[in-house]
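Participant: Curious how this folds, go ahead:
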Amino acid sequence: MNTRYLFLALILSAVCRIAGAQEVMTLEKCRETALENNKSGAIATLNSDKAAYTGNAYRANYFPKISASGNYLHTGMQMSGKIPEAYLPTFVPNPATGGLSPNIVTGPDGNPLVGADGNPVFREYAFFPGMDLSLGLKNFWMAGVKAEQPIYTGGKIASAYRMAQIGREIAGLNLQLSRAEIVVKTDEAYWTCIQTNELLKLALSYRETLGELLRSVQAAEEAGMKHRNDALKVQVKMNEAELQLRRAENGLRLARRNLCYVMGIPPDSELRLPESFEGAVPEDVVAKAVEGVSSPRSADCSRRPEYAMLEKQTRLKEQEIALVRSDFLPKVGVVAGYGYTNGGTLNGNKLFDRASFSVLASVNVPLFQWGEGRNKIRAAKAERDIARLQHENLGEQMALELSRAVDKCDESTLEVKLTEHSLLQAEENRKVCAMQYEGGMETLSAYLEAQTAWQQARMEHVNALTRQQLNETYYLKAKGILGGNSEF
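Facilitator: Down below sits the predicted model:
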């Protein structure tokens with residue numbers, strides 16, 4: 001008994017897993033999957049992280065740089081020398097000054113007596129016997145800690161940090177742009193799948209209708225009520241329907257593989273997509289997509305990442321001017337260190353064995369570079385002006401693109417309505433022709449023509465619905481609100 005319940009539980013678990021695997025992939029889910037798996041988005045994210053790290057690295061230049069160092073020297077080289085022997089002059093106390101005065105010989109006139117060599121003659125001389133000197137550098141080492149702090153760099157550190165911040169903002173905008181492009185590709189692949197699925201259903205329906213007609217005509221031919229030519233006409237249409245069906249099947253298979261590629265999943269993954277346009281466009285997704293945009297449509301493209309990137313490029317060029325100017329301004333810095341030195345001998349006695357503290361202030365003032373600084377600053381300003389003109393030019397192009405997208409949305413909305421009316425008329429005409437043909441009041445050619453007209457009207461309506469959805473996506477991207485928000 002327990003074994004049977006366990007077996008049923010396993011079956012139910014397997015069924016639940018299969019049902020979960022067959023979950024309908026809505027447009028929102030396809031977008032989320034593509035944003036998670038797409039490699040272009042991952043690269044843009046890494047670039048954004050890189051810009052953030054670069055900004056943090058430049059910010060570190062505001063703080064002192066502390067380093068520790070150590071050196072050790074061992075050499076067998078011995079430096080030696082000798083101080084020769086000599087006679088040294090003597091000095092005697094001077095009560096008047098409290099110091100020492102040269103012990104020189106004076107003449108009757110009180111002036112110093114000068115010898116043949118032109119030097120004063122001293123009453124007494126001290127004999128210096130000379131000295132041998134020997135300097136060794138065995139086991140000489142030193143270690144210490146140093147701190148370097150820039151005081152004034154002409155604005156170089158501040159300009160570099162601001163440039164890093166602007167670069168971080170540009171990287172964030174580039175991430176939004178990459179997300180928007182991924183969403184556009186996902187929408188194109190998704191609606192192509194829905195379109196080809198509708199065309200496949202249309203081809204199946206058309207072939208089924210022609211199949212019923214062919215059987216009816218063949219039966220009538222066998223009964224002698226129809227000519228062989230009528231059956232051949234229907235057979236020709238049947239062959240065309242078979243070819244259209246094969247093309248629709250191949251198109252759907254290719255569209256599914258393309259959607260899998262865009263979403264970053266294996267190309268042979270099983271995808272359960274909505275069966276019609278009505279099921280493919282949930283109302284909540286539509287509300288999120290067109291909230292505050294669809295009525296009325298605006299031609300303001302200032303929210304586009306590309307537009308903001310151009311503006312920040314101009315700001316970046318402004319900081320580049322300040323960075324170039326800083327190379328030709330005074331620089332002031334301070335270095336403080338504390339170290340210990342040990343080693344070195346003089347005549348067998350150690351020379352160094354103590355710690356010490358030191359401070360070094362450095363000032364560098366550029367004076368004359370033959371116009372190098374002035375010309376570099378002018379070149380940087382020219383690049384700034386170029387960036388401004390590009391901003392204005394591309395901004396006008398974006399506004400034109402947005403206006404074109406608005407027009408396309410309006411046209412596609414009208415196209416959907418007109419093709420829907422045409423489809424209703426073609427459907428009614430097909431029904432009337434079918435009734436008249438069955439009553440013997442319509443020719444087979446007219447009936448087949450009505451079937452073909454209905455199929456064409458249905459295809460045009462499906463294509464119009466696809467263009468309407470894609471034009472809405474293109475408008476949202478041109479507006480600058482696609483891919484930058486979490487709901488997409």
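Participant: quick check: domain ranges of the protein?
Facilitator: 21-62+153-329+366-479, 90-131 (automatic domain parsing).
Participant: which element is the nearest residue to residue 241 once chain neighbours are set aside on?
Facilitator: Distance criterion C-beta to C-beta, 6 or more residues apart in numbering; nearest residue to residue 241, sequence neighbours excluded, is residue 207 at 4.2 Å. All C-beta atoms are positioned from the backbone trio N, CA, C, and that covers glycine. According to DSSP states H and E, residue 207 maps onto helix 156-222.
Participant: Report all helices and strands that that helix contacts.
Facilitator: helix 27-37, helix 39-59, helix 228-263, helix 277-280, helix 305-326, helix 444-479 (3 or more C-beta pairs under 8 Å, 6 or more residues apart in numbering; DSSP states H and E).
Participant: neighbours around the residue nearest to residue 241, how many?
Facilitator: 18 (other C-beta atoms under 10 Å).
Participant: again with residue 443
Facilitator: Neighbours of residue 443 using other C-beta under 10 Å come to 13.
Participant: What residues does it make contact with?
Facilitator: Going by C-beta atoms under 8 Å, 6 or more residues apart in numbering, residue 443 touches residue 437.
Participant: phi, psi of it?
Facilitator: phi -80, psi 160 (degrees, to the nearest 10).
Participant: Return the distance of it relative to residue 213.
Facilitator: Distance, residue 443 to residue 213, using C-beta to C-beta, to the nearest Å: 13 Å.
Participant: what do you get for residue 194?
Facilitator: As for residue 194, its distance to residue 213 is 29 Å (criterion: C-beta to C-beta).
Participant: of all the helices and strands packed on helix 156-222, which lies closest to residue 171?
Facilitator: Ranking the helices and strands packed on helix 156-222 by their distance to residue 171 (criterion: C-beta to C-beta) puts helix 39-59 first, at 3.8 Å.
Participant: tell me the angle the closest one makes with helix 27-37.
Facilitator: 50 degrees (axes from the mean of the first three to the mean of the last three C-alpha atoms, to 10 degrees).
Participant: Mind listing residues that contact helix 39-59?
Facilitator: By C-beta under 8 Å, 6+ apart, the list of residues contacting helix 39-59 reads 34-35, 157, 160-161, 163-165, 167-168, 170-172, 174-175, 177-179, 181-182, 264.
Participant: If we use 10 Å, what do you get?
Facilitator: Residues from elsewhere that reach helix 39-59 (C-beta atoms under 10 Å, 6 or more residues apart in numbering): 34-36, 38, 157-179, 181-183, 185, 264, 483.
Participant: Same list (the domains of the chain) but as CSV, adding distance to residue 143 and mean pLDDT.
Facilitator: As requested, the domains of the chain are arranged in CSV below (distance: least, C-beta to C-beta, whole Å; pLDDT from 0 to 100):
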stretch, distance to residue 143, mean pLDDT
domain 21-62+153-329+366-479, 25, 84
domain 90-131, 33, 82
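Participant: Including distance to residue 69, could those go into JSON lines?
Facilitator: Shown next, in JSON lines, are the domains of the chain (distance: least, C-beta to C-beta, whole Å):
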{"stretch": "domain 21-62+153-329+366-479", "distance to residue 69": "20"}
{"stretch": "domain 90-131", "distance to residue 69": "36"}
